[in-house]
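Engineer: Coordinates for the following, if possible.
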Amino acid sequence: MQFDNAYFIIGNAYAGKSTLARLLAERHGGILCGENWHDSYPEPLDAAEFPALLYTRDLKDWRAFIRRSPKDYEAWYDAVSRECEILELRMLPEICKRGKPVFVDTNISTETLRRIAAPGHVLVMLADPSISVQRFFERPDADKQFLYRLIQSEPDPKAAMENYRQGLMRIHSQARYDRLLHAGFPVILRDETRAAEETLALAERIFGLKACVSLRPHHGMCFQFYAGKGYSAEFTDHIGRVVRALSDNPQTPVRLTCSADVVCEHCPNNIGGVCKTADKVSRYDAAVLDACDLCDGDELPYAAFSAQVRERILDAGLRRSICGDCEWDALCTR
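Structural biologist: Numbers count the residues shown, from 1 in each chain. As a prediction, this is how the structure comes out:
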């Protein structure tokens with residue numbers, strides 16, 4: 001089975017896979033299958049079929065986890081990757097049926113991806129393998145900090161840490177790095193001097209994604225009244241750039257999406273890709289689509305969308321009936 005609307009991002013740790021997948025989904029109105037997205041598998045797992053994934057669930061003493069030999073740690077890691085692949089391949093068909101682009105942060109093997117991915121839909125992201133070992137405990141992740149405290153509580157913390165690092169070195173080895181580097185897929189190497197937007201542009205070119213801006217329908221009304229105000233300085237600066245870019249290039253195609261869009265990227269109300277006032281803004285979006293006779297996922301030039309909003313909503317006097325309960329209503333009324 002080939003997943004024509006799925007875009008797969010693979011690679012090693014600290015390469016930026018999760019961030020890129022999120023940015024692509026937001027920019028292109030797609031579905032994000034982020035880090036560890038297989039955790040949302042809807043059915044209970046069978047320990048006989050998924051022993052590696054359920055190893056930690058059934059673990060009686062976490063000290064056994066950190067005391068494993070590096071070889072055993074590597075074997076468990078590889079088994080987890082294989083089992084995750086099974087779950088993800090079961091989940092992808094239903095997700096891809098939704099008709100939107102799907103951006104997948106995954107460890108699906110390169111061999112499997114050659115069978116299931118459409119041409120040009122796989123990207124490898126790589127960081128120097130030593131980073132994954134050196135910085136493993138620097139992240140504030142609760143799981144990593146728990147392991148760090150556990151190691152420090154061992155009778156010989158130095159030896160325990162060295163044993164664990166040896167395991168990390170096996171799963172982040174140069175040999176594994178080289179296999180991904182030479183797997184035959186396009187590669188983006190970690191570059192500390194490259195901004196996230198630049199990496200996003202590189203990925204868009206690699207995937208052949210056209211420069212289409214994702215836009216929540218109700219933001220078509222907001223743009224008509226934008227006055228340099230916003231929820232935070234960062235958000236205000238960002239939305240100002242978006243408004244100017246679309247005003248200067250009105251034929252830019254926009255993809256209407258009833259989820260987080262290009263405007264939401266720097267909004268403090270955006271919590272993990274979901275708006276804090278999701279019910280309210282979803283109501284606004286639905287009303288704009290209905291008034292303009294458009295659908296979620298439609299693509300059209302910004303100028304055409306903006307003209308429809310003006311004609312069918314603003315000139316028709318419908319604006320307040322759609323979003324009159326918005327906290328910024330006074331700006332639009334004025």
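Engineer: For the stretch 201-334 of the chain, give me the ranges with low pLDDT.
Structural biologist: Where the stretch 201-334 of the chain drops to pLDDT under 70, the residues are 211.
Engineer: change it to 90
Structural biologist: 201, 209-214, 226-253, 255, 259-278, 297, 299, 327-334 (pLDDT under 90).
Engineer: try the stretch 1-150 of the chain
Structural biologist: Checking the stretch 1-150 of the chain against pLDDT under 90 turns up 1-2, 23-30, 35-36, 56-60, 98-100, 132-143.
Engineer: any chance you could map the strands in it?
Structural biologist: Secondary structure of the stretch 1-150 of the chain (DSSP state E, counting those that start in this stretch): strands at 6-11, 31-33, 102-105, 122-126.
Engineer: wait, which of these is closest to H218?
Structural biologist: H218 lies closest, by Cβ to Cβ, to one member of the strands of the stretch 1-150 of the chain: strand 31-33, at 20.5 Å. The way it works is simple: take the backbone N, C-alpha and C, and place the C-beta from them, glycine included.
Engineer: which residues make contact with that closest one from outside it?
Structural biologist: Strand 31-33 is contacted from outside by 21-22, 25, 88, 92, 95, 98, 100-106, 273, using Cβ atoms under 8 Å, 6 or more residues apart in numbering.
Engineer: mind redoing it with 7 Å?
Structural biologist: Under the contact criterion Cβ atoms under 7 Å, 6 or more residues apart in numbering, strand 31-33 has outside partners A21, R22, A25, I95, R98, K100, V102, F103, V104, D105, G273.
Engineer: Weed out the non-buried ones from these.
Structural biologist: A21, R22, A25, I95, K100, V102, F103, V104, D105 (16 or more other Cβ atoms under 10 Å).
Engineer: The second one contacts G34, correct?
Structural biologist: Going back to what we said before, that points to R22. Yes - the criterion here is Cβ atoms under 7 Å, and R22 meets it with G34 at 6.4 Å.
Engineer: Against R165, how distant is the residue lying closest to D78 once chain neighbours are set aside?
Structural biologist: Nearest-residue entry for D78: I171, 7.9 Å, with adjacent residues in sequence omitted and distances by Cβ to Cβ, 6 or more residues apart in numbering. Distance from I171 to R165, counting by Cβ to Cβ, to the nearest Å: 11 Å.
Engineer: again with F185
Structural biologist: Taking Cβ to Cβ, one finds F185 at 29 Å from R165.
Engineer: Also E198?
Structural biologist: 32 Å.
Engineer: Neighbour count for the two, which is higher?
Structural biologist: Set E198 next to R165 and count neighbours by other Cβ atoms under 10 Å: R165 wins out with 16 against 11.
Engineer: Validate this expectation: the more buried one resides in a helix.
Structural biologist: Yes - the assignment for R165 by DSSP: H, G, I helix; E, B strand; the rest coil puts it in a helix.
Engineer: isn't it right up against V133?
Structural biologist: Yes - if you go by Cβ under 7 Å, R165 and V133 touch, sitting 5.9 Å apart.
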